[in-house]
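S.K.: Predicted model, plus sequence, below.
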There are 2 protein chains.
Amino acid sequence: MADTVTITFEPDGKTVEGPPQSILELSRGAGITLRSECGGSGICGKCRVQITKSYGTIAPPTQKEAKQLTAAELAGGLRLACQARVLSGKATVYVLPESRTAAREISGTALEGNVALAPAVQKVRCHLFPPTLEDTRPDLERLVSALPFVPSGIPLPVLSVLPDTLRSAGWDVTAVIWNDRLLTVEAGDTTTEQYGVAIDIGSSKIICHLVDLATGKTLAAEHAENPQIMYGEDVVSRITFAAKDNGNLYRLRYLVVETVNTLIAKMCGATEISKDRIYEIVFDGNTVMHHLFLGITPKYIGVSPFLPGHSAPVSYPAKELGLAINPEGRVTSLPLIAGYVGSDAVADLMLTKIYERQECSLVIDIGTNSELMLGNSDKIVVCSAPSGPSFEGAQISSGMKAVGGAIESVKIEDGKVSYTTIGNGKPKGICGSGIIDLVASLFSAGIITKNGKFANLANPRIVTDGVPKFIVAPKEETESGREITVTEKDINEFLLAKGSLRAGWTILAEKYGIDPKNLDRVYLAGSFGTHINIGNAMALELLPQVPPDRVVFAGETAVGGSQLALLSVHEREAIRSVLTKVQYVELSVEKSFNREYLRSIPISPEAAQRRS
Amino acid sequence: MADTVTITFEPDGKTVEGPPQSILELSRGAGITLRSECGGSGICGKCRVQITKSYGTIAPPTQKEAKQLTAAELAGGLRLACQARVLSGKATVYVLPESRTAAREISGTALEGNVALAPAVQKVRCHLFPPTLEDTRPDLERLVSALPFVPSGIPLPVLSVLPDTLRSAGWDVTAVIWNDRLLTVEAGDTTTEQYGVAIDIGSSKIICHLVDLATGKTLAAEHAENPQIMYGEDVVSRITFAAKDNGNLYRLRYLVVETVNTLIAKMCGATEISKDRIYEIVFDGNTVMHHLFLGITPKYIGVSPFLPGHSAPVSYPAKELGLAINPEGRVTSLPLIAGYVGSDAVADLMLTKIYERQECSLVIDIGTNSELMLGNSDKIVVCSAPSGPSFEGAQISSGMKAVGGAIESVKIEDGKVSYTTIGNGKPKGICGSGIIDLVASLFSAGIITKNGKFANLANPRIVTDGVPKFIVAPKEETESGREITVTEKDINEFLLAKGSLRAGWTILAEKYGIDPKNLDRVYLAGSFGTHINIGNAMALELLPQVPPDRVVFAGETAVGGSQLALLSVHEREAIRSVLTKVQYVELSVEKSFNREYLRSIPISPEAAQRRS
């Protein structure tokens, strides 16, 4: 009889018992929702926990852990929950905040990566009877008779060599099918080798997952900066560049195609999988990234009325797009919603599945253009709120991205400013989540007015030579030796952005017919959402003021949406059918938008009071 | 009130009256079936008649006639019946034998080129509402909403430029649809410009017709020698060459592709039609020609059990095949039946429509491999009879193709030999129809035995120095000054070929369950069939001995089959459904074949008696 093992999860204080298994598996029994984007295969490195006490045996670190964790981290007891198997006795583990799918202060429904496998790609092993003078069925018809249905087509290069393929394989082949088409025919039994790639093409980052379509597991993950960045950080500059001439459009397209090919090659190298066994790519991205990836002119997304060339999902052969998988493999897009509500936002819908529930939810995916989606199984309204880049640290004098050295949280208590930085090093600047905390704290400390002006320039942390600035970190504390400060203009940038968001969800709630306070759930999607202080975000009405346990951190959903589609045609059908019910709201033509926007910019003392 | 005109057709002696109209139109009233492959548009030049008397006004020759007829021919009264309009009075015209769809001695049903237009290609003019902030449907979805159905796909190059196309056209475009797909989108109204090309890829000749899909008319016709001939006259040598390496296969393929492109360019030049307005090619050919055209290895057609790579019709984009029509246009094949029963034979079925009638018919398409098809609306059995090249004049010592100077008919009366040649010049050799006459005459004159041996070497026209030879044309009559003769070996070649044919239709009739004498119709398809003397062919049992009025000359059907398919998807569906009922009989595995073959080689005195 196997031992029973006991694990206590801290800081939750929950204890569970069970047979020897991984910490990830045990965490599920404790109701702790750990991130496991790779399905627990040790690839994504997101389920980090620290073993703080152990009165028994825990299996030593696996090779995958050795790859994801530094020697120092391993020495400090850091492990991947999916890899670390508790073999006997008791242990206590500390769950790192970033390893949770939902932050600790809120308890939401964890997003399940589980999906019933129904990939568009299928393999059928075919043992054919060799032809005789009595059985003169042609080669293709002989093959088709062994398939569960008559495919709607076969690529010419495959048909051209089919007679040789069948004979050299001794009439024992594997047919590769994609939806109702015959993609290719392979010698022998290759049914265990069927792979796909999910890609999220972000404006700044491209993420690829190599997925085993037979098991649903993520076998490898790679990412790289989007090299289009050299032609502009934001989508508008890329539209401008692409619109100049077709050469530019193709340059932008090939930059991404080459990057994707490199990432795929890396994943194939790491897993020793042949790229010819990859039969489908599903990709998502904002509407501009989508257009550039397919080589469709994005020109008219940039001008009113901001139209995409198309919105329904499309699929083309990999060879036509220059993607280095099986040349007959397919490259399939997720559907789009509008010029500024792309398939990355569709991925949010696919993962939060707000369309399955009777209760009304809101999804907020914050970026330069923030996508807002609100609704339930009956109706969904969506809009794009032009929130500007301030949440990403841009257009803020000391702003920076959420990377090492960024001030990510700020508190002001009794006039004393304290902060934390990403990586705990000396501060270099302030990122979006830090700005939210800062503005909320400045307001509740009475340092700024509801309009974001300094209430009293005599405050000792305000320097007034030139433009008045509030010192967040004095020069002796910072990396550069220069002060990290915030100006009224910075605060105004932020207030305009939050005004846009607030106006967006207020109008959506109005359209739907619900008081935002009564929303059943508020999902924060995208990388930004997972770092913010919910209390402060609500105090500033960046989010509707729902009970905190209704806020769910959905994380970076985008590649997950592509992955879901890759694994299941039912997921594709479901989202297509959902999108027929989605009503896109163009804020710029909403009569109430300007009024609501102006009303949304100042901080509401009542709201701040309620949340503080 | 318009005049009434009166025309007498000779040698039929039939007179008709009617309002002023073309001779072709008048011929219909007289029950005279003139050839009009181009639908009476003056292109094919097949409806030649000679005006022998005129007591009224006939419109002068048109430009099209000037192109089809030489000045001498025009001066001699030769006209195209479709072009020559009788304006007033009376006239007598002589119908040239070759202008008839059925030879005069037999009266069969003329093949009708008429078909209800239902091409796979359709054009839909779309006046779209320009987008506004209130109507933000994406470009493709905006276009699709103006179509009668949601197309199943759009080529990426078309999607890529769709936003520009729609705007530069001021939202007034024409969508080109092929079956359920959107092929391309054109600025403005192009609905009157929709063309297709029908191609017959023969082993020796490639024939192209440019067809107006909106009217069904043939606008131009071109043909050229199949340049693959440099790698062998017969299909077997081309299979051998292609099977050696893929370079050879592609060389054969591109020879035909280039020829077809040249023919298409000529037709486009003559008609001032842009190749971009040609949206579909439908082609037929024997199975080897079909494979070579698509680049499919024909290797296994050459070895038992003689299998094609596939038989169902396929369709690929023109750009993938290198064919110079609209790059998104489609290249579609007619279905195949077997390795030696190709889509040229399928075209025979499509034009004779034996599958529509309750009565049982036989179609014979004579070549090196002759295709035989027998049946009715319930059941059709087909086979390929390896008849060898003797009907084409090959492997016969004085044999030649049916071109100028070939002896095409022979009579022996009272020991006197008379003959006619093609073009009426001095004889150069003897072609297939001449050989049939010769063998039949030699036998009925008692000069050869039923086994094809000379009965009496003392016959004055038999020279016996060396191999005994019968002198058909003495040297003083011939072009070269050398005798045109026939040997026992030549006669044997012919008897083997006719034995194969006779065994073929005998076995098919047996399979079907009909006495060949009771066949309702016997169609002679292909160029060879139209020149032979039916009486002699029956005397030798090349054809079943049915009443002569049941024999129909179907002519060169092949390109007609492609043209029918081009003009109507219903014709495509009909023939696909027919082919599911077609039973292919592989003669080499038929137990009765050898017995029947041996029995079929000698001349049957009874049969010869019956027919003579």
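M.R.: Here it is on my side, so go on.
S.K.: hey, where'd the strands end up in the stretch 101-250 of chain A?
M.R.: Along the stretch 101-250 of chain A, the stretches classed as strands by DSSP state E, counting those that start in this stretch are A:121-127, A:172-178, A:181-187, A:195-201, A:205-212, A:218-225.
S.K.: of all the ones you listed, which lies closest to A:P544?
M.R.: Within the strands of the stretch 101-250 of chain A, the stretch nearest A:P544 is strand A:195-201; the backing value is 27.0 Å (C-beta to C-beta). Using the backbone N, CA and C atoms, a C-beta is placed for each residue, glycine as well.
S.K.: and the closest residue to chain B within the stretch 251-400 of chain A, helix, strand or coil?
M.R.: Residue nearest to chain B within the stretch 251-400 of chain A (C-beta to the nearest C-beta): A:H310, separated by 3.5 Å. Judged by DSSP: H, G, I helix; E, B strand; the rest coil, the three-state class of A:H310 is coil.
S.K.: Counting neighbours, what do you get for it?
M.R.: By the criterion of other C-beta atoms under 10 Å in any protein chain shown, A:H310 has 26 neighbours.
S.K.: Look up how far B:T165 lies from the nearest residue to it once chain neighbours are set aside.
M.R.: Among residues not flanking A:H310 along the chain, B:L140 sits closest, at 3.5 Å (C-beta to C-beta, 6 or more residues apart in numbering or on different chains). Distance, B:L140 to B:T165, by C-beta to C-beta, to the nearest Å: 11 Å.
S.K.: if we can go back for a sec, so the residue nearest to A:H310 is in contact with A:G309, correct?
M.R.: Yes: using C-beta atoms under 8 Å, B:L140 makes contact with A:G309 at a distance of 6.2 Å.
S.K.: Between those two, which contacts overlap?
M.R.: By the contact definition C-beta atoms under 8 Å, 6 or more residues apart in numbering or on different chains, B:L140 and A:G309 are jointly contacted by B:L159, B:L162.
S.K.: For the two, indicate the residue with more neighbours.
M.R.: A:G309 (27 against 24).
S.K.: dump the residue contacts of the more buried one.
M.R.: A:H291, A:I296, A:T297, A:P298, A:Y300, B:P138, B:D139, B:L140, B:L159, B:S160, B:L162, B:P163.
S.K.: Now with 6 Å, please.
M.R.: A:I296, B:D139, B:L162, B:P163 (C-beta atoms under 6 Å, 6 or more residues apart in numbering or on different chains).
S.K.: isn't the first one right up against B:S160?
M.R.: Yes: judged on C-beta atoms under 6 Å, A:I296 makes contact with B:S160 at a distance of 4.9 Å.
S.K.: Any chance you could list what contacts the least confident helix or strand in chain A by mean pLDDT?
M.R.: Counting by mean pLDDT, DSSP states H and E, the weakest-scoring helix or strand in chain A turns out to be helix A:526-529, with a mean of 73. Outside helix A:526-529, the residues that touch it by C-beta under 6 Å, 6+ apart are A:D365, A:I366, A:F391, A:G432, A:F553, A:E556.
S.K.: can you rerun that using 10 Å?
M.R.: A:103, A:202, A:205, A:344-345, A:348, A:363-367, A:370-371, A:391-392, A:401-402, A:431-433, A:436, A:522-523, A:537, A:543, A:551-558 (C-beta atoms under 10 Å, 6 or more residues apart in numbering or on different chains).
S.K.: mind listing which of those are in strands?
M.R.: Filtering those for membership in strands, criterion DSSP state E, returns A:205, A:363-365, A:370-371, A:522-523, A:551-555.
S.K.: returning to that earlier point: spit out the residues that contact B:L140 and B:T165 alike.
M.R.: B:V158, B:L159, B:V185.
S.K.: Closest one to B:R599 out of those, please.
M.R.: Nearest to B:R599 among these, with distances taken as C-beta to C-beta, is B:V158, at 61.7 Å.
S.K.: And the closest residue to the closest one other than its chain neighbours, what's its pLDDT?
M.R.: Take B:V158 and drop its neighbours on the chain: the residue closest to it by C-beta to C-beta, 6+ apart is B:T184, 5.1 Å away. Predicted confidence (pLDDT) for B:T184: 98.
S.K.: Next: A:S592.
M.R.: At A:S592, pLDDT is 92.
S.K.: my guess is it is in a helix, correct?
M.R.: Yes: assessed with three-state DSSP, A:S592 lies in a helix.
S.K.: What's the separation between it and B:H223?
M.R.: Taking C-beta to C-beta, one finds A:S592 at 72 Å from B:H223.
S.K.: And chain A, what are its domain boundaries?
M.R.: As recorded under automatic domain parsing, the domains making up chain A are A:5-99, A:121-187, A:202-333.
S.K.: Tell me which of those domains sits nearest to B:W178.
M.R.: Nearest to B:W178 among the domains of chain A is domain A:121-187; the distance by C-beta to C-beta comes to 13.5 Å.
S.K.: Tell me where the model's unsure across chain A.
M.R.: A:1-2, A:37, A:97, A:101-114, A:529-530, A:611-612 (pLDDT under 70).
S.K.: Among the domains of chain A, show me which one is buried the most.
M.R.: domain A:202-333 (a mean of 20; mean count of other C-beta atoms under 10 Å in any protein chain shown).
S.K.: Nearest to chain B: which residue in the stretch 501-612 of chain A?
M.R.: A:V589 (4.3 Å).
S.K.: Contact partners for the nearest residue to that residue once chain neighbours are set aside?
M.R.: Closest residue to A:V589 apart from its sequence neighbours, by C-beta to C-beta, 6+ apart: B:L133 at 4.3 Å. The contact partners of B:L133, by C-beta under 10 Å, 6+ apart, come to A:S304, A:P305, A:F306, A:E586, A:S588, A:V589, A:E590.
S.K.: The last one: neighbour count?
M.R.: Spelled out, it's A:E590. Count around A:E590 with other C-beta under 10 Å applied: 19.
S.K.: List the residues that contact it.
M.R.: A:C383, A:A503, A:G504, A:I507, A:E510, A:K511, A:E596, A:Y597, B:L133 are the contacts of A:E590 under C-beta under 10 Å, 6+ apart.
S.K.: most neighbours, which of these?
M.R.: Greatest neighbour count in those, by other C-beta under 10 Å, goes to A:G504: 29 neighbours.
S.K.: Correct me if wrong, but it is in a helix.
M.R.: Yes: assessed with three-state DSSP, A:G504 lies in a helix.
S.K.: which one is it nearest to, not counting chain neighbours?
M.R.: A:A385 (3.5 Å).
S.K.: I'd like to know how many residues surround that neighbour.
M.R.: The number of residues near A:A385, taken as other C-beta under 10 Å, comes to 27.
S.K.: Next one: A:G170 from A:P130, what distance?
M.R.: 8 Å.
S.K.: same question but for A:D245, I mixed them up
M.R.: Per C-beta to C-beta, A:D245 is found 56 Å from A:P130.
S.K.: ditto for A:P474
M.R.: 85 Å.
S.K.: Over to A:L34?
M.R.: Noted for A:L34: a distance of 54 Å to A:P130, by C-beta to C-beta.
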